[in-house]
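[1] just to be clear, the model below is a prediction. Sequence and coordinates:
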Amino acid sequence: MAEIRLMRDDLLPPKAPPRRHLISIAGLTRDDVERLLATARSFERALEREVKKLPTLRGRLVLNLFFESSTRTSSSFELAAKRLSADTMSFKASGSSVEKGESLKDTAITLGAYDPDVIVIRHAHIGAPALVAGWTSAHVVNAGDGKHQHPTQALLDLYTLSAEFGKIDGLHVAIVGDVLHSRVARSNIQALALMGARVTLVGPPALIPRGIEALGCETTTEIGAIEAADVVYVLRMQRERMLEGANYVPSLREYTARWGVTPDRLRPGQKVMHPGPMNRGVEIDPLVADAADALIETQVRAGLVTRMAVLYDLLTHGPVAVQAAAMHEVA
Ligand code: CP
């Protein structure tokens, strides 16, 4: 009889499956995105009913950790968890022990002691969500880390495009403005390229990072290029991330004159998107923001069902498509 030799690993209990996180669009496959969008569509149908609450995540705890300001992302994650019957706990750095010098690690470990199933985190520093994923046993969702990634924004934008056009493959999206400081731009370029859309970045030379084409886009400084796009996606000038004293554009007035999205620069029927918050009169003319072709409110509504889909997917699917923390992207 052949001798059965046990290796050391055979004597160990089976390894727990790796936890799944949503840190970056770079860790998603096309199948992942299609599954999430299909789940979001089914939630949209469920929310048309009179009773909008689903029992799906009853007994689960979703912890929202916001170290940076937010209106859309924080409110939609909170409501998404509530619509799925999960308990929620919302933490804002302002007014917390962060103001007494508590570190991100100590805050994460302290709130992790309540055993959250999911931690949604927004932080000014690139890589903060990936660090939290290493310090707690929860699934972690990146709700925006510095200028790195905002994956749920990109997913809700894909959802919006898919609902409006019936497809994403083959669409041409022009992203206009401050790409340099934009996590929304990075996530959207990757997400749109993954789903077969063409992306053109338009903006001042100092606000288009060198090498960004590697993410799957083309670049130009000519605002006239937006005319050829199906969708014009407008970005805010992110003054809070700009280095003091740096002159990215001669002045905001000059920026608006050369790159502002105004009615005369658009074709009739061309769709306009903006992740919010908007600076009306700077990057976007109020007449454009309020026009029937603007999908800005539709994006906000899409945020709710898309974030419901992300929470549901993380907590109910098997350990597939584990997200690596993609830290080596174009900065
Ligand atoms: N688009 C977005 O992230 O908006 P908030 O900053 O309001 O969450």
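    Sure thing, it's come through. Numbers count the residues shown, from 1 in each chain.

[2] which residues of the stretch 101-250 of the chain fall in strands?
    Using DSSP state E, counting those that start in this stretch, the strands of the stretch 101-250 of the chain run over residues 118-123, 139-145, 172-176, 198-202, 218-220, 231-234.

[3] out of those, which comes closest to H317?
    Closest approach to H317 among the strands of the stretch 101-250 of the chain (Cβ to Cβ): strand 139-145, 10.6 Å. Heads up, the C-betas are built off the backbone N, CA and C, glycines and all.

[4] centre of the chain to the closest one, how far?
    Mean-position distance between strand 139-145 and its chain equals 8 Å (Cα atoms, centre = their mean, to the nearest Å).

[5] kindly report the same for stretch 67-77.
    In this view, stretch 67-77 has its centroid 11 Å away from the chain centroid, taken as Cα atoms, centre = their mean.

[6] ok, now stretch 146-163?
    Using Cα atoms, centre = their mean, the offset of stretch 146-163 from its chain centre is 5 Å.

[7] about what we covered before: ok, which of the strands of the stretch 101-250 of the chain comes nearest the ligand?
    strand 139-145 (5.8 Å; Cβ to the nearest ligand atom).

[8] mean confidence for that closest one?
    Averaging pLDDT along strand 139-145 gives 97.

[9] if we can go back for a sec, could you dump the strands of the stretch 101-250 of the chain into CSV with mean neighbour count and distance to V51 added?
    Shown next, in CSV, are those (neighbours: other Cβ atoms under 10 Å; distance: least, Cβ to Cβ, whole Å):
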stretch, mean neighbour count, distance to V51
strand 118-123, 26, 24
strand 139-145, 27, 26
strand 172-176, 23, 37
strand 198-202, 23, 40
strand 218-220, 15, 47
strand 231-234, 26, 35
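
[10] can those strands go into a markdown table with extra columns for distance to L161?
    Shown next, in a markdown table, are those (distance: least, Cβ to Cβ, whole Å):
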| stretch | distance to L161 |
| --- | --- |
| strand 118-123 | 23 |
| strand 139-145 | 20 |
| strand 172-176 | 8 |
| strand 198-202 | 12 |
| strand 218-220 | 18 |
| strand 231-234 | 7 |
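
[11] now those as TSV including distance to the ligand?
    Shown next, in TSV, are the strands of the stretch 101-250 of the chain (distance: least, Cβ to the nearest ligand atom, whole Å):
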stretch	distance to the ligand
strand 118-123	7
strand 139-145	6
strand 172-176	14
strand 198-202	18
strand 218-220	23
strand 231-234	12
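
[12] quick one: which of those strands is nearest E50?
    Closest among the strands of the stretch 101-250 of the chain, using Cβ to Cβ: strand 118-123, at 27.5 Å.

[13] list the contacts of the residue of the stretch 101-250 of the chain found nearest the ligand.
    Residue of the stretch 101-250 of the chain nearest the ligand, by Cβ to the nearest ligand atom: Q153 (5.3 Å). Neighbouring residues of Q153 by Cβ atoms under 8 Å, 6 or more residues apart in numbering: T73, G144, R183, V184, S187, N188, P275, G303.

[14] so the last one sits right up against L155, yeah?
    No. Taking Cβ atoms under 8 Å as the definition, G303 is not a contact partner of L155, at 9.0 Å.

[15] mutual contacts of those two, please.
    By Cβ under 8 Å, 6+ apart, no residue touches both G303 and L155.

[16] helix, strand, or coil at L287?
    Recorded secondary structure, L287: helix (DSSP: H, G, I helix; E, B strand; the rest coil).

[17] change the start of the numbering to 513 and stick with it
    Fine by me, first position is 513 from now on; the one you just mentioned is L799.

[18] that one - how many residues pack around it?
    Counted with other Cβ atoms under 10 Å, the neighbours of L799 add up to 13.

[19] burial of the nearest residue to it once chain neighbours are set aside, as a residue count?
    Nearest residue to L799 in three dimensions, chain neighbours excluded: P775, at 5.2 Å (Cβ to Cβ, 6 or more residues apart in numbering). Burial of P775 is recorded as 10 neighbouring residues (other Cβ under 10 Å).

[20] ok, back up a step: which of the contacts of Q665 fall within helices?
    Among these, the members found in helices (DSSP state H) are T585, R695, V696, S699, N700, G815.

[21] the second one reaches D657, doesn't it?
    I take that to be R695. Yes. R695 lies in contact with D657 (Cβ under 8 Å); the separation is 6.9 Å.

[22] follow-up on the earlier one: filter the ones in helices among the contacts of Q665 down to the ones near the ligand?
    T585 (Cβ under 6 Å from any ligand atom).

[23] and the ones in helices among the contacts of Q665 as JSON lines, adding pLDDT and neighbour count?
    Converted to JSON lines, the ones in helices among the contacts of Q665 look like this (pLDDT from 0 to 100; neighbours: other Cβ atoms under 10 Å):
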{"residue": "T585", "pLDDT": "98", "neighbour count": "25"}
{"residue": "R695", "pLDDT": "97", "neighbour count": "24"}
{"residue": "V696", "pLDDT": "98", "neighbour count": "25"}
{"residue": "S699", "pLDDT": "98", "neighbour count": "27"}
{"residue": "N700", "pLDDT": "98", "neighbour count": "29"}
{"residue": "G815", "pLDDT": "98", "neighbour count": "27"}
